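J.: predicted structure and sequence below. I'll ask about it afterward.
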Number of protein chains: 2
Amino acid sequence: MEADLLLIPIDRAGPEPVLRQVYLGLRRAILSGAIPAGGRLPPTRALAARLGIARNSVVAAYEQLLAEGFIEGRVGAGSFVSRDLPEPLDLPPPAAPPPPPVVPHAGQYGAAPFNTGRCTLDDRTLQVWRSLTSRRLARPDPALLGYADPSGSAALRGAIARYLRAARAVRCEPEQVVVTAGAQQAIDLVLRVLLRPGDAAWFEDPGYPAVRAALAAAGARIVPVPVDAQGMDVAAGIAAAPEARLAYVTPSSQYPLGVVLSMARRMELLAWAHRAGAWLLEDDYDSEFRYAGRPLASLQGIDAAGRVIYVGTFSKVLFPGLRLGYAVLPPALLEAVRSVRLLSDWHPAALQEGVVTDFIEEGHFAQHLRRMRQHYRGTRDALVTALREHLADMLEVEVPDQGMKLLARLRPGLADQAVAEAAARRGVIARPVSPMFLAAPPIQALMLGFSGHEPGSLRWAARELARALA
Amino acid sequence: MEADLLLIPIDRAGPEPVLRQVYLGLRRAILSGAIPAGGRLPPTRALAARLGIARNSVVAAYEQLLAEGFIEGRVGAGSFVSRDLPEPLDLPPPAAPPPPPVVPHAGQYGAAPFNTGRCTLDDRTLQVWRSLTSRRLARPDPALLGYADPSGSAALRGAIARYLRAARAVRCEPEQVVVTAGAQQAIDLVLRVLLRPGDAAWFEDPGYPAVRAALAAAGARIVPVPVDAQGMDVAAGIAAAPEARLAYVTPSSQYPLGVVLSMARRMELLAWAHRAGAWLLEDDYDSEFRYAGRPLASLQGIDAAGRVIYVGTFSKVLFPGLRLGYAVLPPALLEAVRSVRLLSDWHPAALQEGVVTDFIEEGHFAQHLRRMRQHYRGTRDALVTALREHLADMLEVEVPDQGMKLLARLRPGLADQAVAEAAARRGVIARPVSPMFLAAPPIQALMLGFSGHEPGSLRWAARELARALA
C-alpha cells in the first residue's frame, strides 16, 4: 500500500504520544480491513514523511505491531498484515476517554441538612406559580410550539436587564442578556468561547470546585490566585500570569470564604484586564439575599471598557429545579456565545421563561425575595445559635451578611474531611473547605447551608455534628 | 468643579430614585474622567440647587461614593475624586474569538409555513399538562428545591427506557439513560466526551447542518459519506476513513433525504464499528410519527457490541419549548457523559421532568401520539394535495411515510436557494436542501414542514410559492 493512501491523524497537542497514535491508527486500519490480510504496509520512511513525524516513531509502532502479531516480516525489508489476525470479536469495547474529574456537588446530598443550595418555596409562591403556568398554557405562546431564539425570549431578557440595572447597578441592554440553564451553563458557554487549550485563567484560591473542573475540562492552565481579607489578591495574579486570558471572580461574596472584593481591588482588577486585554468572569451567585449593610455594586457596573462578563442565576432565588440563569455579555462576545449556545442546546425552555417573566413583571419576584430574605435570615440565626450552643468549643462561626451558607472554622487539631465523614455517617452534610484550596495553605473549615432547611432540622443536625465531633 | 459644569439628568418620572440617579451620574462623571482624579466635587448645596433636588439626596449620594472609594475627604468640608482610580478607560475592547458558523435554524423563522419543527398542542393535551403541573406544584418534589442527579430523575429515566424498549426495540436499562435539554444537548455531550481535535467523524452527505456545525466546533475532521437509496454508503466511509472515531447517522429517516438505512447497511455499519472500535451516534429524531408500513427497529437494538449511542427527543413529539430529550449510552461512556453534563448545566429542569413522567406513565403520551399522528397525516396530505394542484410542473413531491416534513425536488433549471429567497419575500419558509451537501453533487430541492401548520395556511403558502416561482 502507498503511504499517501493511509492517513493517520496525528495530534501533537493530544495526551497520546505520537508513537502510540501511529500504532493505534495502523491497528485500526488493519482491523477495519483498510489494509487487507497479506497486504503490504508502507515503508516506514515514506509513512514518516507522509505523517510529518520522526521515522523512529513509525519504526517503533511497526515493531509493536510485529510483536503483537498484527504484522509479519522484517522491519526495513517490508511489513505485511498477518494472515491470522486476532479475532475482532475478542477486542475489548473501545476505550472511553478518561472522564473529567467528578466534583462533589450539592446534587449528591439531597435534602439532608446542611446541604447547600437548598431553597424554600412557600405556599404563596407555589400558588402564584401554578396560576401563572395555567395562564401561559391557556394561550400557548407560538414560541412554545417551535424553535426559538438561542438568547432566550425578548420579554425575559428585558425583565432581567431592568432587574439587574436596578438591583445590581449592572449596565446592560436586553440584547446583551443570554438566558441560560443556570449559571453553570452561562459559565460553560463563556469558557467554550474564550478559552483555547493552554490559555491561562486566574482562579480564586480557594475557589468554587465546579468552575475549577469546568476550567480543567476546557484545557485551561489554572492559575491559583490567593484570597485575603480584601478578596482576590490581584497583584499576586499579575505576578503569576500577567498574560492570562480570563479571571474567574466572585466579588460580592467570595466562594467559599465569603469576603467582599474591596473597591481598590476591583479597580486594580479592571485596570489589569484593560491593560492585558483579559476578560473578567463575574459570578454574582447569591447577592440577592442581603441581611445587613448595603451591597457593593456589581463589578460589571463600574467597568467602562466592556471587559466584564456578568453571570447570575434564578436557581437560588427561586429553585434549582427551574434551571434558569443568565449571562450579561460585552457586545464583542454576544455573537460567539449565541452560536455556541445554539449548538449546545438551542435555547431555553419557553414555558418556564414565560412564567418567570410574568413572575418578575407582576411584582411577585420582589415579594418572594422579601419573604425569603426574612425566612433565610431566620434559619441563619437559628443555625448560628445552635452551633454556638452545641459546638462553641469546636468551631468558630462567621455570621454572613448575605447568602445561603456559612463558614465554620474548626478548632486547631480538627481535620475538616474527617469531620465531614463522621457527620455523614450521622446523616449530616458538612462540606469540607480544605479541598477547595489549590496552592494556598488550606484552612480546616466546614461549609454549612442554612437555606431550605427548617430551624428544627438545623438544630438536630447541629447536635448530631457535636456528637460526631465528640 | 463648579456645580453648573456638571449636568446630571434627573428623571423624576423614571423608575430610579433621585438619590440613585445622582449617585450614578456622579460615578459616570468620575469613571469617564469628566471629573479628574484629585478633582473637587461641587458643594452638595450648590449641586442640589443646580439639579433642583433636595440637598439630602446629594449628601446621601456623596456618602455612598465615599463608602465605595470613589471620592475622598469629609462630606461638607469638600469632596475630591480618589487619586488611585484607574485612567479613564478608552481603549477598544479586546478582540473576541471568531464565532463558530451560525447554522440556519428553525428558530429563525417562527410560525410561518413551511417552517420545520413546528408542533401542535391540542386542548386535550394542554388541559392535561395544566393539571399535571398543578399537581406537581401542590406537593413539590424535594428534587425541585435543590440540585439533582445529572442523569435526570430516576422516574423519568425508567419511563423513557420502557417506552424505547417497547416502541423502538432499544435495549436499555434506566441507568443508561441521560435526560438532556433536547437531542442537541445529547449530541453535544457525546461529541465533547468522544472527540479530540483531528479525530475523523463520518457524516452523512447531505446531512443535518446543526450536527455538522457541532462536529466542526468540536474540531473533528468531518468525513462526508454519500447517501444512496439504501442510506449511508458504509463501504465509501470505510474507504475514506476506516479509522474514524465516530459516525453520525439518522437510520430511520435520513436527514434531509428521508431514506431508511437498509438492514444490510446496518449490519455493515455495526461490523465496521466493531472492527474499528468506532462509535455510532444514532439520531432517531422523528420516528414517532409513522403513517404507513412498519418502521425498522432502532440500530441500537441490533447492536450486540455496545457501540451505538441512541439519541431521541421530546421536542418534536411534545413541543420544542419543552427542551427535553435523552441519550441511551453504552455503559462504557456513562460516567464520562454524566461528568461533562454536570459541568455544562448540572441537570434537567425537575418540574418539567415530573410532568413528562406523569404524562407518559398515566397514558397521556400514547394518546397524544395517536391524535398527533392522525393530525399530522392530515396536514401532510393537505400539503401534498396543494403542491400537486399549484406546483405540479415545478416540483416533484416525495410523500414521506413518517416525520413532520417532506422533500420537494425542483424541476431542472430551478435553483433551490433562489426559490427560497423568492418565497421568503412572500412570507413563506422553504428550506433549500442543496446547502446541506458537502462533497456529493447537490440536488435542488426544498424541505417543507407540514407539522404545526393548519391545512388552510399550508394551502395559502403553496399558492404563494407558486406565485414566487412564476
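T.: Sure, I can see it. These numbers were taken from a predicted model, which means no experiment stands behind them.

J.: by mean pLDDT, flag the weakest helix or strand of chain A.
T.: For chain A, using mean pLDDT, DSSP states H and E, the weakest element among its helices and strands is helix A:18-31, scoring a mean of 76.

J.: helices or strands next to whatever helix or strand comes next after that one in the packing?
T.: Downstream of helix A:18-31, the next assigned helix or strand under DSSP states H and E is helix A:44-51. In terms of contacts (3 or more C-beta pairs under 8 Å, 6 or more residues apart in numbering or on different chains; DSSP states H and E), helix A:44-51 is packed against helix A:55-67. In short, each C-beta sits where N, CA and C put it, glycine included.

J.: buried residues in the helix it packs on?
T.: A:Ser57, A:Val58, A:Val59, A:Ala60, A:Ala61, A:Tyr62, A:Gln64, A:Leu65, A:Leu66 (16 or more other C-beta atoms under 10 Å in any protein chain shown).

J.: contact partners for the second one?
T.: In this case it means A:Val58. By C-beta atoms under 8 Å, 6 or more residues apart in numbering or on different chains, the contact set of A:Val58 is A:Val22, A:Thr44, A:Leu47, A:Ala48, A:Leu51.

J.: quick one: low-confidence ranges for chain A?
T.: For chain A, applying pLDDT under 70 flags the ranges A:1-7, A:13-15, A:28, A:31-34, A:67-68, A:74-76, A:84-104.

J.: let's see 80
T.: Scanning chain A for pLDDT under 80 picks out the ranges A:1-17, A:19-21, A:23-25, A:27-37, A:50, A:64-70, A:74-77, A:82-108, A:141-144, A:293-296.

J.: find the nearest non-adjacent residue to A:Gly146, please.
T.: Nearest residue to A:Gly146, sequence neighbours excluded (C-beta to C-beta, 6 or more residues apart in numbering or on different chains): B:Arg118, at 4.6 Å.

J.: go on, A:Pro206?
T.: Using C-beta to C-beta, 6+ apart and skipping the chain neighbours, the partner closest in space to A:Pro206 is A:Met436 (3.9 Å).

J.: give me the number of neighbouring residues for the one you found.
T.: Using other C-beta atoms under 10 Å in any protein chain shown, A:Met436 is surrounded by 23 other residues.

J.: that one against A:Ala210, yeah?
T.: No - A:Met436 sits out of contact with A:Ala210 when judged by C-beta atoms under 8 Å, with a separation of 10.7 Å.

J.: quick revisit: between the contacts of A:Val58, which is closest to B:Asp358?
T.: A:Val22 (54.3 Å; C-beta to C-beta).

J.: quick check: the closest one touching A:Glu16?
T.: No - between A:Val22 and A:Glu16 there is no contact under C-beta under 8 Å: 9.8 Å.

J.: the more surrounded of these two?
T.: Using other C-beta under 10 Å as the criterion, A:Val22 and A:Glu16 rank with A:Val22 on top: 26 against 14.

J.: for the more buried one, give me its contacts.
T.: Neighbour list for A:Val22: A:Ile8, A:Ile10, A:Leu47, A:Leu51, A:Ile53, A:Ser57, A:Val58, A:Ala61 [criterion: C-beta under 8 Å, 6+ apart].

J.: so who does the last one touch?
T.: If I follow you right, that is A:Ala61. Neighbours of A:Ala61 in contact, by C-beta under 8 Å, 6+ apart: A:Leu19, A:Arg20, A:Val22, A:Tyr23, A:Leu26.

J.: and the buried ones among these, selectable in ChimeraX?
T.: The ChimeraX selection below is limited to those of the contacts of A:Ala61 classed as buried (16+ other C-beta under 10 Å):
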select /A:19,22,23,26
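
J.: which one of the contacts of A:Ala61 is nearest chain B?
T.: Looking at those and their distance to chain B, the nearest is A:Leu26, at 8.9 Å (C-beta to the nearest C-beta).

J.: thinking the closest one is in contact with A:Pro42, fair?
T.: No - applying C-beta under 8 Å, one finds A:Leu26 not in contact with A:Pro42, separated by 9.6 Å.

J.: ranges for the strands of the stretch 251-400 of chain A?
T.: Here the stretch 251-400 of chain A has its strands, by DSSP state E, counting those that start in this stretch, at A:279-283, A:308-313, A:325-328, A:395-398.
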